[in-house]
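1. Any chance you could fold what I've pasted below:
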Amino acid sequence: MLGYNEYGHPEFDTQRSPLGELVYRLKYKSDKTAVPIIVGTIVEFMRGWAIEPETIVPLPPSKARSFQPVSEVAIGVSEALGIPIDATTLKKSGTTPQMKDIGDYAERVKALESVFVASKVLEGKQVLLLDDLYQSGASMNVAAVALKKQAGVKAVYALALTRTRS
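-> Have a look, this model is predicted:
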């Protein structure tokens, strides 16, 4: 840890994995040249995975950006594997603080529980829930519950591109 930034957030001397660096460049530097490499990594990983999702559902973002990194990656994976993407079934009905600003898992879940809304469009399907960053699992867990309870999906497989330091 190096100290705290002007917002009171801890700053670290961070060493990222190669995939983590690509995700960082895509998300925080808007470097779209990282997308094909990220997609290639996911495709290679999924080809060895013993599941067959019928649809890819990108996790709705917590922050508005000029382009959404998770959606860009989901589109690439969809095209590469021939799996349809559905970016409309799972929505946020309101705003939430950025999850990276909430440290406690229970507080994260509480902030998210009433926000995700899922339509019945994917009822009975197996979906791949895609996110860029896994910190505590709260976002993906709450979204998966919404997809199962509200949308009636058969199964939710979660895939995060990278995770935060522990």
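
2. need the contact list for the closest residue to residue 54 other than its chain neighbours.
-> Nearest non-adjacent residue to residue 54, counting by Cβ to Cβ, 6 or more residues apart in numbering: residue 125, 4.5 Å away. To be clear about C-beta, it is placed using only N, CA and C from the backbone, and glycine gets the same treatment. If you count contacts by Cβ atoms under 8 Å, 6 or more residues apart in numbering, residue 125 has them with 54, 55, 153, 154.

3. Among the residues you listed, which lie within strands?
-> residue 55 (DSSP state E).

4. ok so, going back, so how far is residue 57 from the residue nearest to residue 54?
-> 10 Å (Cβ to Cβ, to the nearest Å).

5. The closest residue to residue 12 other than its chain neighbours: what's it in contact with?
-> Leaving aside its chain neighbours, residue 12 sits nearest to residue 1 (5.5 Å; criterion: Cβ to Cβ, 6+ apart). If you count contacts by Cβ under 8 Å, 6+ apart, residue 1 has them with 10, 11, 12, 13.

6. Count the residues that sit near residue 94.
-> A count of neighbours around residue 94, defined by other Cβ atoms under 10 Å, yields 8.

7. Test for you: state the pLDDT assigned to it.
-> Reported pLDDT at residue 94 in the predicted model: 75.

8. picking up where we left off before, determine which two of the contacts of residue 125 are furthest apart.
-> Spatial extent of the contacts of residue 125 (Cβ to Cβ) is set by the pair 55 and 154 at 10.8 Å.

9. Need the residues touching each of the two.
-> 125, 126.

10. what about those two, which has more around it?
-> Neighbours were counted for residue 55 and for residue 154 using other Cβ under 10 Å; residue 55 has more, 18 against 13.

11. distance of that one from residue 119?
-> Applying Cβ to Cβ, the value for residue 55 to residue 119 is 12 Å.

12. what residues do the two have in common as contacts?
-> By Cβ under 8 Å, 6+ apart, no residue touches both residue 55 and residue 119.

13. how much space between the spatially most central residue of the chain and residue 77?
-> The centroid of the chain falls nearest to residue 131 when counting by Cα atoms, centre = their mean (1.2 Å). According to Cβ to Cβ, residue 131 stands 12 Å off from residue 77.
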